[in-house]
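Trainee: Need the 3D shape of this:
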Amino acid sequence: MIYQAKLHSGIRVIMEPMENLSSVSIGVWVNAGSVFETKAEEGISHFIEHMVFKGTARRTAAQIAAQMDAVGGNLNAFTAKECTCFYAKVLGEDLPLAVDMLSDITLHPSLDPVEMEKEKGVVIEEILMSEDNPEDKAFEAAAMAYYGDTCLSSPILGTEQQVRSFTREQILAYMARRYVSGNIVIACAGKFNTDELLTLLESAFADCPRAPGDMTPEKTPLPGSRWQFIQKDTEQVHACLTLPGYALDTEEYAALAVLSNALGGSTSSRLFQSIREERGLAYSVYTYPTGFRDTGDICLYFGTGEKQAVKALDLSLQELKKLTAGITEEELMRSRAQLKGSFLLGMEGSSAHMNALGKRLLLQNKEFTLEDTLRAMECVTMKKIEAILPHILSPHRAVCACVGRVKRVQKEMEAILSDWMQRR
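Mentor: Below is the predicted model of the structure:
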C-alpha cells in the first residue's frame, strides 16, 4: 500500500511500507537540476550536491561520514537534468538518524568558503574524468547538438571555468529559489511505520522555506539535421546517434521503450545481433530511450575501431531503414517480456521502490505503482509501435556525434549520414 501526505511546511511525502524487508530507503527529491540553471549557474546544482556533504551547522564532513558508517548505512546523492536527490539506506531501526541527517544536509549546509575551494578541485577532476571518457563525450556532444539552445543541452557538471567562478552568495541565492517546500518531495520505502515517519519528518523539516514549486522551463528541441566529429586520441571511435523520442509520462514512451529494446536493448536485439554477433564489429552496441517532463529522445550508440567505424555506422543506419517497416509480432512479444522481467528484477529492494516513488511524484505529479507500469508495457501493440515510427525516424531531427580518431573516416561517415537523411 502506498500513502501520500503533506507536511505543514508544504513538502509532499510518499511512502510505501514493506514489512518483509530489514532495510528502509528514504530520499529527498528537489526540483533542482541543470535545466533550471542560468548560463552563469551551469553546474551549480551538481556543485551543491557535493557541498552539502562538506559540513552543516551541526556536523563536520567527518561526522557526517562517521555517523552513517557507524550504523552500516549508505548516505549519498545524485544530480540529473531535472532533479537532485539526497538519499539514505539504513536498517529500519536507524530511520531517525537517516531523517535527521538528510534534513541537516539539505536545509543547513554550512557552505564554508575554504571547503568550497577544496571541492571545486574535486568537481573539476570529475569534469576532466568525464572529458577523458569518449563514450560520455559522445553522449554529451549529441545531447548538446540535439537540444540546441534549450535548457536540456546544459551539461550537468558544468564547465571548469564556471565551477571556479561559483561564490557562496551565488549558491545561497540558487538554493533560496530551488530548495523550497513546493519543490521538494520526500519518498520512503521499506521497513517503517508511517505515523512515526511523519512525526520525524514534521520535526526535521519544520524550518524548510515555504514557497510554491515551479515546473521545468519549456525545452522543445530545435529542428535541423546535424552531426559533429570530435578528434580524440582513443583506440575506438565512439558514435552516438540521437533521434526524437517522447516525454516520460506518455503512452508513446512505453511504445518507444519496447521498440528500443527490440532494436538494441538486449543481446537478442537487431543491432546486437547484426553488428556484434554476426560481424564482430563492436563489443558495445545498444539503444536506449530517455524521457523528460515534456520531451525525450532515443540514442543509438556503438564503440569500435577506426577501421570498422564506417561499416558499423552503415549497418546501424541500415537497421534504422529496416525499422520503417516495423518489428515482427515475435519481436514485440519478446521485447515486452524482457522489459517486464528486467523491471521486476530491478524493483527487488527498498532503494528501487523509493527511487520510483520519488521520481514519479516530483517529475510527473503522479503516484507510482508496479501495476500501472506493467500495464503500460503490456498495452504496447503493433499498432502503437507503427504509430510512433514516423516521429522517431523523422529526417530533420537526427543528430550524430562521433568521438575518437575520426579524421580519416569523417568524410565517409558524413557521406553515409547525408545519404541516409535524404533517402528516408
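
Trainee: Please make it C-alpha for all contacts and neighbour counts, starting now.
Mentor: Noted.

Trainee: Tell me the buried residues in stretch 245-265?
Mentor: Using 16 or more other Cα atoms under 10 Å as the test for burial, stretch 245-265 gives 245-249, 252-265.

Trainee: can you give me the helices for the stretch 51-200 of the chain?
Mentor: 61-69, 95-107, 113-132, 134-147, 160-165, 168-178, 194-204 (DSSP state H, counting those that start in this stretch).

Trainee: Tell me which of the ones you listed is the most buried.
Mentor: Sort the helices of the stretch 51-200 of the chain by mean neighbour count, taking mean count of other Cα atoms under 10 Å, and helix 134-147 sits at the top with a mean of 23.

Trainee: now for it, which elements pack on it?
Mentor: With contacts taken as 3 or more Cα pairs under 8 Å, 6 or more residues apart in numbering; DSSP states H and E, helix 134-147 sits against helix 113-132, strand 226-231, strand 236-244, strand 399-404.

Trainee: Tell me which of those approaches Leu172 most closely.
Mentor: helix 113-132 (12.2 Å; Cα to Cα).

Trainee: got a list of contacts for that closest one?
Mentor: The contact list for helix 113-132 (Cα atoms under 8 Å, 6 or more residues apart in numbering) reads 47, 50-51, 54, 136-137, 157-160, 163-164, 168.

Trainee: Tell me which of the helices and strands packed on helix 134-147 approaches Ser181 most closely.
Mentor: The minimum distance between Ser181 and the helices and strands packed on helix 134-147 falls on helix 113-132, with 25.5 Å, by Cα to Cα.

Trainee: what angle sits between the closest one and helix 134-147?
Mentor: 90 degrees (axes from the mean of the first three to the mean of the last three Cα atoms, to 10 degrees).

Trainee: Could you tell me the model confidence score at the most centrally placed residue in the chain?
Mentor: Compute the mean C-alpha point of the chain, and by Cα atoms, centre = their mean the closest residue is Ala80, 5.3 Å away. According to the prediction, Ala80 has pLDDT 97.

Trainee: how close does the nearest residue to Glu251 once chain neighbours are set aside sit to Leu339?
Mentor: Using Cα to Cα, 6 or more residues apart in numbering and skipping the chain neighbours, the partner closest in space to Glu251 is Ala376 (7.2 Å). Between Ala376 and Leu339 the computed distance is 11 Å (Cα to Cα, to the nearest Å).

Trainee: Repeat that for Ile275.
Mentor: Shown here: Ile275 relative to Leu339, a distance of 22 Å by Cα to Cα.

Trainee: Leu345 now?
Mentor: Using Cα to Cα, Leu345 is found at 10 Å from Leu339.

Trainee: other SSEs contacting the least confident helix or strand in the chain by mean pLDDT?
Mentor: Least confident element among the helices and strands of the chain, by mean pLDDT, DSSP states H and E: helix 410-423 (a mean of 88). If you count contacts as 3+ Cα pairs under 8 Å, 6+ apart, helix 410-423 packs onto helix 306-323.

Trainee: now with 10 Å?
Mentor: If contacts are counted by 3 or more Cα pairs under 10 Å, 6 or more residues apart in numbering; DSSP states H and E, helix 410-423 sits against strand 226-231, helix 306-323, strand 399-404.

Trainee: For that helix, buried residues please.
Mentor: Those would be 410, 413-414, 416-417, 420-421, for helix 410-423 by 16+ other Cα under 10 Å.

Trainee: What's the separation between the nearest residue to Pro395 once chain neighbours are set aside and Ala5?
Mentor: Distances taken as Cα to Cα, 6+ apart place Met421 nearest to Pro395, at 5.4 Å, with adjacent residues excluded. Distance of Met421 to Ala5, given as Cα to Cα: 51 Å.

Trainee: now the chain, which segments are flagged as low pLDDT?
Mentor: Scanning the chain for pLDDT under 70 picks out 216-225, 423-424.

Trainee: repeat that with 80
Mentor: Within the chain, the stretches with pLDDT under 80 are 214-225, 395-396, 422-424.

Trainee: Let me see the domain layout of it.
Mentor: 3-204, 226-423 (automatic domain parsing).

Trainee: can I get those domains in JSON lines with distance to Arg210?
Mentor: Formatted as JSON lines, the domains of the chain follow (distance: least, Cα to Cα, whole Å):
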{"stretch": "domain 3-204", "distance to Arg210": "5"}
{"stretch": "domain 226-423", "distance to Arg210": "17"}
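
Trainee: To Pro212, which of the ones you listed lies closest?
Mentor: Across those, closest to Pro212 is domain 3-204 (Cα to Cα), at 4.3 Å.

Trainee: centre of the chain versus that closest one, how much separation?
Mentor: 14 Å (Cα atoms, centre = their mean, to the nearest Å).

Trainee: How about stretch 343-353?
Mentor: Here stretch 343-353 is found 17 Å from its chain centre; the criterion is Cα atoms, centre = their mean.

Trainee: Just the terminal-to-terminal distance for it.
Mentor: This stretch, stretch 343-353, spans 11 Å end to end (Cα to Cα).

Trainee: pretty sure Asn183 contacts Arg12?
Mentor: Yes: applying Cα atoms under 10 Å, one finds Asn183 in contact with Arg12, separated by 9.0 Å.
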